[in-house]
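Novice: could you look at this predicted model? Sequence included:
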Amino acid sequence: MDHNEMEQVLKEVRAGDIDQFGLIIDAMQKPLFVYCYHMLGHRQEAEDAVQEVFLKAFEQLDSYRHNVSFSAWMYKIAYHHCLNLLNRAKLNRVVTFLRAGVQTVSRHEGEKKIEDTEYLNNPLHVAVSKLSVKERNLLILRVVEERSYDELAMLFDRKPATLRKQYERALKKCKSYMLVSEGGDRHDSISAT
Amino acid sequence: MTRSQQPDDWKQQLLAAANDFDVKDQVLQKIKERTNISEGKQMKKRLGLLVAAILVFGGTSAYAAMKAYELKNEKGEAVVKVQQTAAPQEKSSAETMKTFEDARNSLKPGEGAAIYIPGPDNPKKRVSFTYIPVEHLTTPPLQKEVGSFYEVPAEIEGGYKFLKGHVEYPFDYSQPELFAEMHKEAEKDKKQIVMRKVSPKPTINRVFTLYKGSEGAGTDGDVYIAITNFEGLKWIEEAAGEDAIVEKVKVQKYEGMYVAQKLLDGTEQKLVKVYQEDKNRLIEVGTKNPALTKKELLLIVENLK
């Protein structure tokens, strides 16, 4: 859906035509699922999260300002929703660890225990899950969505240069985690792109 | 995965997760349920003086907006929007309108109905609501029905006297089960119209009053005053013709809007709208009498309580 089509749809939704919101869901649900899936590391939680993100977006539609694209605005809602879920999960982590008796990923703020075995089957997913929430957010939006630093800076109220550094650091970490899981040396030289 | 892989390769891997993902129906269903529960999210769209029937045939795309004017509340949110548009397209066929009018005429004052008319005029299978108000020819019974929401004057600035008035009530506009039942009945029995009597909500939606001068314009009166209750409403949107004059005005302590435009029947309508945020209501004073000026309309509004 291009910008003009999206604007028209938003206008009709604001005028009370709820069914038009279905077009927004059609356009955004898969990218948002990818985002939530890799942020949360759990398929079912990601499915629920996407639904909640759409509901929040619908309810907050009047607060959407056109200084960023609508899809970027949706990602901001998704980011905060995932952050809330992860923080909530963090509180339960100790209990979960004792019950499940498995190692948790607990190095960074807001990270949660990865229970989805499907997710853990992929070395890249495992590497992504080891990043901090902020790093994961940045990595997904840059790699999958190819969002510019300028847009992300506006969205998350950070300087583009700061985000670039964070992204490069996240990329290095991710590659490093993957090398380790492949049996390589953590000190192998890899340059960030 | 090998160490030679770069983010481009990663993109494909990360994207692969969403293959069969589809939650559209669930989300839309939840939105409709929540909209139904939350009257605060209710939005209303009106077109000109079609106040008695909420016709929803054809959706909202029949008008191509040219310019928009807004009245805002203290938070800066638009509460009244007037969209200046190109000439409206014919929204419904004469046959559909007649079918609707016939059904409406079968109702008694105080009765409301949900009406579904299937066919090409209604591709989204929308159900319309209509209500026949109880007309009052004097102010005391109207005042009794209106209560403290609005003080109905027997006479207004300029010597115009009360001719008649009524109260309109809103419906529950989101009833998916009722709509599905009506759709099914129309389909099963190949009906041209399906009607269900439904009761409106007890909350006042709008008070409509008509006034006439000593040489009044018959049953149409000279001046009408409509007071819309903004309880549960976020904003109201209306269409004005491309030749319409739309101006911001200051009346009482509020910012208002003056709209002068030709109606479809060729007559000219002048209208002043004032949103009273402290009273949570919109006052509209209008006339089709060409002798009445903008200044006189503003004076009428100025003196309303």
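Specialist: Perfect, thanks for sending it.
Novice: quick one: mean pLDDT for the host helix or strand of residue B:99?
Specialist: Element membership of residue B:99, judged by DSSP states H and E, is helix B:94-105. The average pLDDT within helix B:94-105 is 83.
Novice: chain neighbours aside, what residue packs nearest to the residue of the stretch 201-305 of chain B found nearest chain A?
Specialist: Taking Cβ to the nearest Cβ as the measure, the stretch 201-305 of chain B has residue B:237 as its residue closest to chain A, at 6.6 Å. C-beta coordinates here come from the backbone N, C-alpha and C atoms, glycine included. Counting by Cβ to Cβ, 6 or more residues apart in numbering or on different chains, residue B:81 is the residue found nearest to residue B:237 once chain neighbours are left out, at 4.4 Å.
Novice: got any ranges where chain A has weak pLDDT?
Specialist: Applying pLDDT under 70 to chain A flags residues A:89-120, A:181-193.
Novice: same check on the stretch 51-200 of chain B?
Specialist: For the stretch 51-200 of chain B, the stretches flagged by pLDDT under 70 are B:51-66, B:84-93.
Novice: got the CA coordinates for stretch B:249-262 in PDB?
Specialist: In PDB, the C-alpha atoms belonging to stretch B:249-262 read as follows (Å, rounded to 0.1, in the frame of the first residue of the first chain):
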ATOM      1  CA  VAL B 249     -16.800  33.600  13.800                       C
ATOM      2  CA  LYS B 250     -16.600  34.600  17.400                       C
ATOM      3  CA  VAL B 251     -19.900  34.300  19.300                       C
ATOM      4  CA  GLN B 252     -20.600  34.300  23.000                       C
ATOM      5  CA  LYS B 253     -17.200  33.300  24.400                       C
ATOM      6  CA  TYR B 254     -16.600  30.600  21.800                       C
ATOM      7  CA  GLU B 255     -15.100  30.300  18.400                       C
ATOM      8  CA  GLY B 256     -17.800  29.300  15.900                       C
ATOM      9  CA  MET B 257     -18.200  28.700  12.200                       C
ATOM     10  CA  TYR B 258     -20.500  30.300   9.600                       C
ATOM     11  CA  VAL B 259     -21.500  28.200   6.600                       C
ATOM     12  CA  ALA B 260     -23.600  29.600   3.700                       C
ATOM     13  CA  GLN B 261     -24.300  27.100   0.900                       C
ATOM     14  CA  LYS B 262     -26.900  26.200  -1.700                       C
END
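Novice: which residues sit against it?
Specialist: Under the criterion Cβ atoms under 8 Å, 6 or more residues apart in numbering or on different chains, residues B:69, B:71, B:80, B:82, B:240-241, B:243-248, B:268-277, B:294, B:297-298, B:301-302 lie in contact with stretch B:249-262.
Novice: any buried residues in it, and which?
Specialist: Applying a neighbour-count criterion of 16 or more other Cβ atoms under 10 Å in any protein chain shown, one finds B:249, B:251, B:254, B:256-261 buried in stretch B:249-262.
Novice: the helix or strand where residue A:161 lies near chain B at all?
Specialist: Under the assignment given by DSSP H and E, the secondary-structure element containing residue A:161 is helix A:160-181. Yes. Judged by Cβ under 8 Å from any Cβ of the partner chain, helix A:160-181 comes into contact with chain B at A:171, A:175, A:178-179.
Novice: tell me which stretches of chain A form helices.
Specialist: Counting by DSSP state H, the segments of chain A that form helices are A:3-14, A:21-40, A:43-59, A:70-100, A:117-120, A:123-129, A:133-143, A:149-156, A:160-181.
Novice: just checking, what packs against the second one?
Specialist: Read it as helix A:21-40. Where contact means 3 or more Cβ pairs under 8 Å, 6 or more residues apart in numbering or on different chains; DSSP states H and E, helix A:21-40 is packed against helix A:3-14, helix A:43-59, helix A:70-100, helix A:133-143, helix B:7-15, helix B:24-37.
Novice: okay, now residue B:207: neighbour count?
Specialist: Burial of residue B:207 is recorded as 24 neighbouring residues (other Cβ atoms under 10 Å in any protein chain shown).
Novice: tally of neighbours for residue B:170?
Specialist: The local packing count at residue B:170 equals 23, with neighbours defined by other Cβ under 10 Å.
Novice: returning to what we had before: okay, and the beta partners of the residue nearest to residue B:237?
Specialist: The bridge-partner assignment for residue B:81, based on DSSP bridges, gives residue B:70, residue B:237.
Novice: identify each buried residue in the helix holding residue A:161, please.
Specialist: For helix A:160-181, a neighbour-count test (16+ other Cβ under 10 Å) marks A:163-164, A:166-167, A:170-171, A:173-179 as buried.
Novice: just the closest of those to residue A:11, please.
Specialist: The shortest separation between residue A:11 and any of the buried residues of helix A:160-181 is 31.9 Å, and it belongs to residue A:163 (by Cβ to Cβ).
Novice: correct me, but the residue nearest to residue B:237 touches residue B:234?
Specialist: No. With contacts counted by Cβ atoms under 8 Å, residue B:81 stays clear of residue B:234, the gap being 10.7 Å.
Novice: quick one: low-confidence parts of the stretch 201-305 of chain B?
Specialist: Under the criterion pLDDT under 70, the flagged ranges of the stretch 201-305 of chain B are B:215-220, B:264-265.
Novice: any idea how far residue B:32 is from residue B:80?
Specialist: For residue B:80, the distance to residue B:32 under the criterion Cβ to Cβ, to the nearest Å works out to 26 Å.
Novice: more neighbours: which of these two?
Specialist: In this view residue B:80 and residue B:32 are compared by other Cβ under 10 Å, and residue B:80 has more residues nearby, 22 against 16.
Novice: not counting sequence-adjacent ones, nearest residue to that one?
Specialist: residue B:71 (4.0 Å).
Novice: ditto for residue B:171
Specialist: Distances taken as Cβ to Cβ, 6+ apart place residue B:129 nearest to residue B:171, at 4.4 Å, with adjacent residues excluded.
Novice: where's that neighbour, which helix or strand?
Specialist: Taking DSSP H and E as the definition, residue B:129 sits inside strand B:127-131.
Novice: check which residues of the first helix or strand past that strand going along the chain are buried.
Specialist: Once strand B:127-131 ends, the next helix or strand along the chain (criterion: DSSP H and E) is helix B:139-146. Under the neighbour-count criterion of 16+ other Cβ under 10 Å, helix B:139-146 has B:139, B:142-143, B:145-146 buried.
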